[in-house]
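Colleague: Next one to model:
(chains A, B, C and D)
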2 protein chains.
Amino acid sequence: MLSKLGQAVTEQFAQRLRSIGIRPKHCGLLAAIRSMPMTSQLALGQALNLVPSAIVTMIDDLEALGAINRIADETDRRRYAIELTEKGAAMLQQATAIAQQVDDAILDSLGKTERDTLHQLLRKLATRSLQQG
Amino acid sequence: MLSKLGQAVTEQFAQRLRSIGIRPKHCGLLAAIRSMPMTSQLALGQALNLVPSAIVTMIDDLEALGAINRIADETDRRRYAIELTEKGAAMLQQATAIAQQVDDAILDSLGKTERDTLHQLLRKLATRSLQQG
DNA sequence: TATTGTTATACTCTATAACTATA
DNA sequence: TATAGTTATAGAGTATAACAATA
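Modeller: As a prediction, this is how the structure comes out:
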(Lines give C-alpha, C1' and ligand atoms only; values in the text may rest on other atoms or scores of the structure.)
Protein backbone atom coordinates (compact mmCIF):
# COMPACT_ATOMS: atom_id res chain seq x y z
CA MET A 1 0.00 0.00 0.00
CA LEU A 2 2.89 2.32 0.81
CA SER A 3 4.34 1.40 -2.53
CA LYS A 4 1.14 2.15 -4.45
CA LEU A 5 0.48 5.37 -2.60
CA GLY A 6 4.02 6.49 -3.21
CA GLN A 7 3.63 5.85 -6.92
CA ALA A 8 0.34 7.74 -6.98
CA VAL A 9 1.89 10.73 -5.22
CA THR A 10 4.89 10.75 -7.53
CA GLU A 11 2.70 10.56 -10.60
CA GLN A 12 0.41 13.36 -9.47
CA PHE A 13 3.43 15.49 -8.73
CA ALA A 14 5.00 14.70 -12.09
CA GLN A 15 1.78 15.48 -13.91
CA ARG A 16 1.37 18.90 -12.33
CA LEU A 17 5.05 19.71 -12.78
CA ARG A 18 4.59 19.32 -16.52
CA SER A 19 2.92 22.72 -16.54
CA ILE A 20 6.29 24.29 -15.75
CA GLY A 21 8.25 21.93 -18.00
CA ILE A 22 10.23 19.91 -15.47
CA ARG A 23 10.15 16.51 -13.78
CA PRO A 24 10.40 15.53 -10.13
CA LYS A 25 14.10 14.77 -10.41
CA HIS A 26 14.80 18.35 -11.54
CA CYS A 27 13.27 19.66 -8.32
CA GLY A 28 15.89 18.03 -6.18
CA LEU A 29 18.60 19.42 -8.40
CA LEU A 30 17.12 22.93 -8.35
CA ALA A 31 16.93 22.78 -4.57
CA ALA A 32 20.53 21.59 -4.41
CA ILE A 33 21.64 24.40 -6.71
CA ARG A 34 19.94 26.95 -4.50
CA SER A 35 21.45 25.57 -1.33
CA MET A 36 24.91 25.20 -2.91
CA PRO A 37 25.33 28.29 -5.11
CA MET A 38 28.02 28.31 -7.79
CA THR A 39 28.97 24.67 -7.27
CA SER A 40 30.50 22.59 -10.05
CA GLN A 41 28.38 20.06 -11.91
CA LEU A 42 30.11 16.98 -10.62
CA ALA A 43 29.95 18.22 -7.03
CA LEU A 44 26.20 18.67 -7.39
CA GLY A 45 25.99 15.19 -8.83
CA GLN A 46 27.89 13.73 -5.91
CA ALA A 47 25.63 15.51 -3.45
CA LEU A 48 22.59 13.94 -5.10
CA ASN A 49 24.21 10.57 -5.78
CA LEU A 50 23.97 10.96 -9.55
CA VAL A 51 26.36 9.72 -12.20
CA PRO A 52 28.10 12.46 -14.23
CA SER A 53 26.21 11.78 -17.43
CA ALA A 54 22.89 12.10 -15.62
CA ILE A 55 23.72 15.43 -14.07
CA VAL A 56 24.91 16.81 -17.41
CA THR A 57 21.60 15.89 -19.05
CA MET A 58 19.61 17.48 -16.27
CA ILE A 59 21.73 20.62 -16.29
CA ASP A 60 21.21 20.74 -20.06
CA ASP A 61 17.45 20.57 -19.49
CA LEU A 62 17.49 23.35 -16.91
CA GLU A 63 19.75 25.50 -19.06
CA ALA A 64 17.41 25.09 -22.04
CA LEU A 65 14.58 26.26 -19.80
CA GLY A 66 16.58 29.28 -18.66
CA ALA A 67 16.52 28.10 -15.07
CA ILE A 68 20.28 28.05 -14.63
CA ASN A 69 23.44 29.39 -16.23
CA ARG A 70 26.77 27.68 -16.71
CA ILE A 71 29.42 30.11 -15.49
CA ALA A 72 32.94 29.38 -16.67
CA ASP A 73 35.39 29.05 -13.79
CA GLU A 74 38.25 31.51 -14.23
CA THR A 75 40.91 29.52 -12.44
CA ASP A 76 40.04 26.06 -13.82
CA ARG A 77 38.87 26.12 -17.41
CA ARG A 78 37.39 22.63 -17.20
CA ARG A 79 34.90 23.72 -14.58
CA TYR A 80 31.49 25.31 -14.82
CA ALA A 81 29.80 26.80 -11.79
CA ILE A 82 26.03 26.47 -11.84
CA GLU A 83 24.04 29.60 -11.13
CA LEU A 84 20.33 29.67 -10.43
CA THR A 85 18.63 32.36 -12.53
CA GLU A 86 15.64 34.36 -11.37
CA LYS A 87 13.52 32.20 -13.59
CA GLY A 88 15.01 29.11 -11.99
CA ALA A 89 14.30 30.43 -8.50
CA ALA A 90 10.72 31.13 -9.57
CA MET A 91 10.41 27.62 -10.96
CA LEU A 92 11.66 26.13 -7.72
CA GLN A 93 9.13 28.21 -5.83
CA GLN A 94 6.36 27.05 -8.16
CA ALA A 95 7.48 23.45 -7.76
CA THR A 96 7.36 23.82 -4.00
CA ALA A 97 3.85 25.23 -4.25
CA ILE A 98 2.82 22.33 -6.47
CA ALA A 99 4.24 19.85 -3.98
CA GLN A 100 2.18 21.54 -1.29
CA GLN A 101 -0.94 21.31 -3.48
CA VAL A 102 -0.37 17.61 -4.09
CA ASP A 103 0.17 17.06 -0.38
CA ASP A 104 -3.09 18.80 0.39
CA ALA A 105 -4.93 16.87 -2.30
CA ILE A 106 -3.60 13.56 -1.00
CA LEU A 107 -4.23 14.39 2.64
CA ASP A 108 -7.65 15.81 1.86
CA SER A 109 -9.53 13.08 3.72
CA LEU A 110 -7.49 13.46 6.90
CA GLY A 111 -8.02 15.93 9.71
CA LYS A 112 -5.23 17.99 11.24
CA THR A 113 -4.57 15.55 14.07
CA GLU A 114 -4.56 12.61 11.70
CA ARG A 115 -2.09 14.37 9.41
CA ASP A 116 0.24 15.00 12.29
CA THR A 117 0.02 11.39 13.40
CA LEU A 118 0.67 10.13 9.88
CA HIS A 119 3.61 12.45 9.44
CA GLN A 120 5.10 11.30 12.70
CA LEU A 121 4.68 7.62 11.86
CA LEU A 122 6.11 8.02 8.37
CA ARG A 123 9.09 9.89 9.68
CA LYS A 124 9.71 7.09 12.11
CA LEU A 125 9.72 4.61 9.23
CA ALA A 126 11.84 6.86 7.06
CA THR A 127 14.65 7.29 9.55
CA ARG A 128 15.17 3.54 9.50
CA SER A 129 14.30 2.51 5.98
CA LEU A 130 15.77 5.31 3.91
CA GLN A 131 19.20 4.93 5.44
CA GLN A 132 20.12 1.66 3.80
CA GLY A 133 18.74 2.93 0.47
CA MET B 1 8.10 11.22 2.05
CA LEU B 2 5.33 8.86 0.97
CA SER B 3 6.95 8.80 -2.44
CA LYS B 4 10.41 7.95 -1.12
CA LEU B 5 9.14 5.36 1.33
CA GLY B 6 7.10 3.76 -1.42
CA GLN B 7 10.17 3.52 -3.61
CA ALA B 8 12.21 2.05 -0.77
CA VAL B 9 9.56 -0.57 -0.09
CA THR B 10 9.26 -1.50 -3.76
CA GLU B 11 13.01 -1.80 -4.13
CA GLN B 12 13.42 -3.97 -1.05
CA PHE B 13 10.62 -6.19 -2.25
CA ALA B 14 12.12 -6.42 -5.74
CA GLN B 15 15.54 -7.23 -4.35
CA ARG B 16 14.30 -10.10 -2.21
CA LEU B 17 12.09 -11.42 -4.99
CA ARG B 18 15.21 -11.88 -7.12
CA SER B 19 15.98 -14.96 -5.07
CA ILE B 20 13.00 -16.70 -6.67
CA GLY B 21 13.56 -15.19 -10.10
CA ILE B 22 10.61 -12.84 -10.44
CA ARG B 23 9.77 -9.15 -10.15
CA PRO B 24 7.01 -7.36 -8.26
CA LYS B 25 4.82 -7.12 -11.35
CA HIS B 26 4.81 -10.92 -11.69
CA CYS B 27 3.32 -11.23 -8.22
CA GLY B 28 0.13 -9.46 -9.18
CA LEU B 29 -0.17 -11.67 -12.23
CA LEU B 30 0.42 -14.85 -10.24
CA ALA B 31 -2.23 -13.79 -7.77
CA ALA B 32 -4.65 -13.01 -10.60
CA ILE B 33 -3.97 -16.40 -12.18
CA ARG B 34 -4.72 -18.14 -8.93
CA SER B 35 -7.94 -16.22 -8.35
CA MET B 36 -9.04 -16.65 -11.98
CA PRO B 37 -8.04 -20.18 -12.92
CA MET B 38 -7.85 -21.16 -16.58
CA THR B 39 -8.49 -17.63 -17.84
CA SER B 40 -7.23 -16.47 -21.25
CA GLN B 41 -4.16 -14.25 -21.46
CA LEU B 42 -5.94 -11.17 -22.71
CA ALA B 43 -8.62 -11.47 -20.03
CA LEU B 44 -5.90 -11.57 -17.37
CA GLY B 45 -4.33 -8.54 -19.00
CA GLN B 46 -7.60 -6.64 -18.91
CA ALA B 47 -8.09 -7.51 -15.25
CA LEU B 48 -4.69 -6.03 -14.45
CA ASN B 49 -4.91 -3.14 -16.89
CA LEU B 50 -2.03 -4.40 -18.99
CA VAL B 51 -1.56 -4.12 -22.75
CA PRO B 52 -1.48 -7.45 -24.63
CA SER B 53 2.22 -7.33 -25.40
CA ALA B 54 3.05 -6.81 -21.74
CA ILE B 55 1.03 -9.76 -20.54
CA VAL B 56 2.55 -12.02 -23.18
CA THR B 57 6.05 -11.15 -22.02
CA MET B 58 5.15 -11.79 -18.40
CA ILE B 59 3.42 -15.07 -19.21
CA ASP B 60 6.54 -16.03 -21.18
CA ASP B 61 8.65 -15.29 -18.11
CA LEU B 62 6.44 -17.36 -15.83
CA GLU B 63 6.29 -20.21 -18.31
CA ALA B 64 10.10 -20.27 -18.58
CA LEU B 65 10.22 -20.53 -14.79
CA GLY B 66 7.73 -23.39 -14.82
CA ALA B 67 5.25 -21.39 -12.79
CA ILE B 68 2.40 -21.66 -15.31
CA ASN B 69 1.31 -23.71 -18.29
CA ARG B 70 -0.37 -22.55 -21.46
CA ILE B 71 -3.30 -24.92 -22.03
CA ALA B 72 -4.70 -24.91 -25.57
CA ASP B 73 -8.43 -24.17 -25.62
CA GLU B 74 -10.27 -26.97 -27.43
CA THR B 75 -13.14 -24.90 -28.78
CA ASP B 76 -11.14 -21.83 -29.86
CA ARG B 77 -7.71 -22.64 -31.20
CA ARG B 78 -6.52 -19.03 -30.82
CA ARG B 79 -6.93 -19.17 -27.08
CA TYR B 80 -4.68 -20.37 -24.30
CA ALA B 81 -5.95 -20.87 -20.79
CA ILE B 82 -3.36 -20.14 -18.12
CA GLU B 83 -2.87 -22.75 -15.46
CA LEU B 84 -0.91 -22.24 -12.27
CA THR B 85 1.50 -25.12 -11.68
CA GLU B 86 2.45 -26.43 -8.27
CA LYS B 87 5.73 -24.63 -8.65
CA GLY B 88 3.86 -21.45 -9.49
CA ALA B 89 1.64 -21.80 -6.44
CA ALA B 90 4.74 -22.32 -4.32
CA MET B 91 6.34 -19.23 -5.84
CA LEU B 92 3.27 -17.17 -5.07
CA GLN B 93 3.39 -18.41 -1.51
CA GLN B 94 7.07 -17.54 -1.24
CA ALA B 95 6.38 -14.11 -2.69
CA THR B 96 3.65 -13.54 -0.14
CA ALA B 97 6.05 -14.56 2.63
CA ILE B 98 8.67 -12.18 1.26
CA ALA B 99 6.12 -9.36 1.18
CA GLN B 100 5.36 -10.11 4.81
CA GLN B 101 9.06 -10.05 5.66
CA VAL B 102 9.51 -6.69 3.95
CA ASP B 103 6.48 -5.34 5.77
CA ASP B 104 7.93 -6.49 9.07
CA ALA B 105 11.33 -5.04 8.25
CA ILE B 106 9.82 -1.70 7.29
CA LEU B 107 7.47 -1.57 10.27
CA ASP B 108 10.17 -2.74 12.64
CA SER B 109 10.34 0.53 14.53
CA LEU B 110 6.57 0.69 15.11
CA GLY B 111 4.59 -0.98 17.88
CA LYS B 112 1.41 -2.90 17.29
CA THR B 113 -0.89 0.06 17.98
CA GLU B 114 1.17 2.33 15.77
CA ARG B 115 1.04 -0.17 12.93
CA ASP B 116 -2.72 -0.34 13.17
CA THR B 117 -2.99 3.42 13.20
CA LEU B 118 -0.70 3.74 10.19
CA HIS B 119 -2.59 1.08 8.29
CA GLN B 120 -5.87 2.80 8.98
CA LEU B 121 -4.57 6.19 7.89
CA LEU B 122 -2.98 4.84 4.72
CA ARG B 123 -6.15 3.01 3.79
CA LYS B 124 -8.07 6.23 4.21
CA LEU B 125 -5.67 7.93 1.79
CA ALA B 126 -5.72 5.01 -0.60
CA THR B 127 -9.47 4.89 -1.00
CA ARG B 128 -9.38 8.44 -2.32
CA SER B 129 -6.09 8.68 -4.13
CA LEU B 130 -5.84 5.33 -5.84
CA GLN B 131 -9.21 5.65 -7.49
CA GLN B 132 -8.26 8.32 -10.02
CA GLY B 133 -5.04 6.42 -10.78
C1' DT C 1 48.46 10.80 -14.58
C1' DA C 2 44.01 12.52 -12.66
C1' DT C 3 39.89 15.27 -13.12
C1' DT C 4 35.76 17.99 -15.36
C1' DG C 5 32.56 17.74 -18.34
C1' DT C 6 30.67 15.56 -22.51
C1' DT C 7 29.21 12.16 -25.83
C1' DA C 8 28.34 7.51 -27.41
C1' DT C 9 26.58 3.39 -26.36
C1' DA C 10 23.86 -0.14 -24.29
C1' DC C 11 20.23 -1.89 -21.50
C1' DT C 12 15.72 -1.98 -19.31
C1' DC C 13 11.00 -1.02 -19.36
C1' DT C 14 7.15 -0.21 -21.61
C1' DA C 15 3.85 1.12 -25.21
C1' DT C 16 2.30 1.16 -30.17
C1' DA C 17 1.50 -0.99 -34.05
C1' DA C 18 2.00 -4.55 -37.45
C1' DC C 19 1.23 -9.36 -38.14
C1' DT C 20 -0.64 -14.59 -37.85
C1' DA C 21 -4.00 -17.65 -37.22
C1' DT C 22 -8.09 -18.39 -36.17
C1' DA C 23 -13.16 -17.21 -35.63
C1' DT D 1 -14.59 -8.31 -40.16
C1' DA D 2 -13.14 -9.00 -35.53
C1' DT D 3 -10.41 -11.32 -31.91
C1' DA D 4 -6.33 -14.02 -29.30
C1' DG D 5 -1.97 -14.03 -29.21
C1' DT D 6 2.58 -12.73 -30.90
C1' DT D 7 6.39 -10.15 -32.72
C1' DA D 8 8.74 -5.93 -34.20
C1' DT D 9 9.68 -1.56 -33.31
C1' DA D 10 10.20 2.73 -31.06
C1' DG D 11 10.31 5.69 -27.00
C1' DA D 12 11.60 7.03 -22.37
C1' DG D 13 14.95 6.52 -18.60
C1' DT D 14 19.20 5.47 -16.94
C1' DA D 15 23.84 3.45 -16.42
C1' DT D 16 28.63 2.36 -18.38
C1' DA D 17 32.35 3.53 -20.76
C1' DA D 18 35.01 6.04 -24.08
C1' DC D 19 36.53 10.74 -25.02
C1' DA D 20 38.50 15.78 -25.21
C1' DA D 21 40.20 19.41 -22.74
C1' DT D 22 42.57 20.83 -18.91
C1' DA D 23 45.03 20.38 -14.63
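
Colleague: Please enumerate the strands of chain A.
Modeller: A:39-40, A:68-72, A:80-84 (DSSP state E).

Colleague: I'd like those strands laid out as TSV, including mean pLDDT, distance to B:L130 and mean neighbour count.
Modeller: (C-beta placed from N, C-alpha, C; glycine too.) Formatted as TSV, these follow (pLDDT from 0 to 100; distance: least, Cβ to Cβ, whole Å; neighbours: other Cβ atoms under 10 Å in any protein chain shown):
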stretch	mean pLDDT	distance to B:L130	mean neighbour count
strand A:39-40	97	39	18
strand A:68-72	97	36	15
strand A:80-84	97	36	19
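
Colleague: got those as TSV, with distance to chain B columns?
Modeller: Output for the strands of chain A, formatted as TSV (distance: least, Cβ to the nearest Cβ, whole Å):
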stretch	distance to chain B
strand A:39-40	23
strand A:68-72	24
strand A:80-84	24
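
Colleague: which residues touch A:L2?
Modeller: B:2, B:5-6, B:9, B:106, B:122 (Cβ atoms under 8 Å, 6 or more residues apart in numbering or on different chains).

Colleague: how about those residues in a markdown table, adding distance to DNA strand C and pLDDT?
Modeller: What follows is those, written out as a markdown table (distance: Cβ to the nearest atom of the strand, whole Å; pLDDT from 0 to 100):
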| residue | distance to DNA strand C | pLDDT |
| --- | --- | --- |
| B:L2 | 20 | 92 |
| B:L5 | 19 | 93 |
| B:G6 | 15 | 93 |
| B:V9 | 16 | 93 |
| B:I106 | 22 | 93 |
| B:L122 | 23 | 96 |
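
Colleague: Now the closest residue to chain B within chain A. Nearest residue, chain neighbours left out?
Modeller: Relative to chain B, the nearest point of chain A is A:G6 (1.6 Å; Cβ to the nearest Cβ). Leaving aside its sequence neighbours, A:G6 sits nearest to B:G6 (Cβ to Cβ, 6 or more residues apart in numbering or on different chains; 1.6 Å).
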